[in-house]
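Q: fold the following and give me the result.
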Amino acid sequence: MTTSSTARDPEWLSLTEACRLLGVSPTTVRRWADSGLLRIFHTPGGHRRFSRASLDGMLPTRPVGRPQLTDAGATPGRLARSYRQGADGAPTHMPWVAELDPARRERLRQYGRSIVSALLAALDADDPSERMELLRVAEDACDGYGRLAVGEGLIASATADVFLRFRTPFLAELGAIARRRELDAVASTALMGDANDALDRLLLATLRGWETATEAASGVPLSARRAAPAHPAAAPSSRRQTAS
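A: Down below sits the predicted model:
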């Protein structure tokens with residue numbers, strides 16, 4: 001479609017600018033204009049100007065990104081409150097929690113805050129390399145958490161239980177955010193999938209920290225340990241029978 005105009009308007013681009021925007025050759029842009037796919041006008045000097053709106057319409061549709069989790073209310077403080085509300089019965093199921101003095105509890109909370117902050121930032125990161133770097137920060141915090149658990153006398157299953165009690169309210173809060181923001185099924189599924197993948201990595205990092213601290217304390221690699229063998233049955237006597 002051709003429009004008459006003499007004004008120089010940022011909404012009307014030159015052939016060079018149109019090619020740069022679309023990433024195609026001048027021949028292609030001219031062909032699309034000649035076929036009516038692009039709105040153009042001719043300057044008094046006979047040069048074409050291309051409508052930015054019609055050029056934008058030729059670009060691939062970009063998916064609408066989900067809102068940033070931190071902007072949607074998924075802050076470390078809010079998640080910590082959700083965890084505490086969901087862990088009201090922790091002293092019953094994990095008696096050691098009630099025995100911790102304030103200083104030791106604060107050490108655990110510091111690790112927890114570091115893990116949550118890095119995890120939220122990783123889930124909000126658009127750049128894959130940035131996301132991996134933030135996940136490594138969270139993994140380092142989980143490694144430290146696992147080492148601290150050994151110092152508190154926790155066995156591996158109890159250490160995993162502590163992590164899983166955090167995981168459940170974390171995912172529940174993400175689900176609530178998805179509902180509040182009315183994310184579509186694709187965005188909600190991607191968010192929960194990313195979160196689950198990240199939490200799997202962090203659980204493994206926590207247990208690796210526990211294993212490292214346990215090996216350091218005992219001086220024996222866990223891989224070298226073997227269950228104590230059962231006492232073998234008494235071997236049949238090999239004494240010779242003496243002829244009478």
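Q: contacts, neighbours, all on C-alpha from now
A: Noted.
Q: quick one: the closest residue to P26 other than its chain neighbours from E106, how far?
A: Distance criterion CA to CA, 6 or more residues apart in numbering; nearest residue to P26, sequence neighbours excluded, is C19 at 6.1 Å. According to CA to CA, to the nearest Å, C19 stands 59 Å off from E106.
Q: swap in T28?
A: Here the distance between T28 and E106 works out to 65 Å (CA to CA).
Q: what do you get for A138?
A: Between A138 and E106 the distance is 18 Å, computed by CA to CA.
Q: neighbour-wise, which of these two wins?
A: Regarding A138 and E106, a neighbour count based on other CA atoms under 10 Å identifies A138 as having more, with 30 against 12.
Q: all strands of the chain, in order?
A: According to DSSP state E, the chain carries its strands in the segments 2-4, 12-13, 40-42, 48-51.
Q: can you give the strand pairings for the longest one, parallel or anti for each?
A: Yep, that's strand 48-51 we're talking about. Here strand 48-51 has these sheet partners by DSSP bridges: strand 12-13 (antiparallel), strand 40-42 (antiparallel).
Q: closest one to A217 among the ones you listed?
A: Using CA to CA as the criterion, the shortest distance between A217 and these is 70.1 Å, found for strand 12-13.
Q: what mean pLDDT does the lengthiest helix in the chain get?
A: Ranked by residue count, the top helix of the chain under DSSP state H comes out as helix 185-218. In this model, helix 185-218 has a mean pLDDT of 90.
Q: who are the packing partners of that helix?
A: Counting contacts by 3 or more CA pairs under 8 Å, 6 or more residues apart in numbering; DSSP states H and E, helix 185-218 packs against helix 102-124, helix 128-151, helix 156-180.
Q: please identify the buried residues of it?
A: Residues of helix 185-218 classed as buried by neighbour count (16 or more other CA atoms under 10 Å): 187-188, 191-192, 195, 198-199, 201-214.
Q: of the helices and strands packed on helix 185-218, flag the one that's most buried.
A: Across these, averaging neighbours per residue (mean count of other CA atoms under 10 Å) puts helix 128-151 on top, at a mean of 20.
Q: how far does that one sit from its chain's centre?
A: Centroid separation between helix 128-151 and its chain, computed with CA atoms, centre = their mean, to the nearest Å, is 12 Å.
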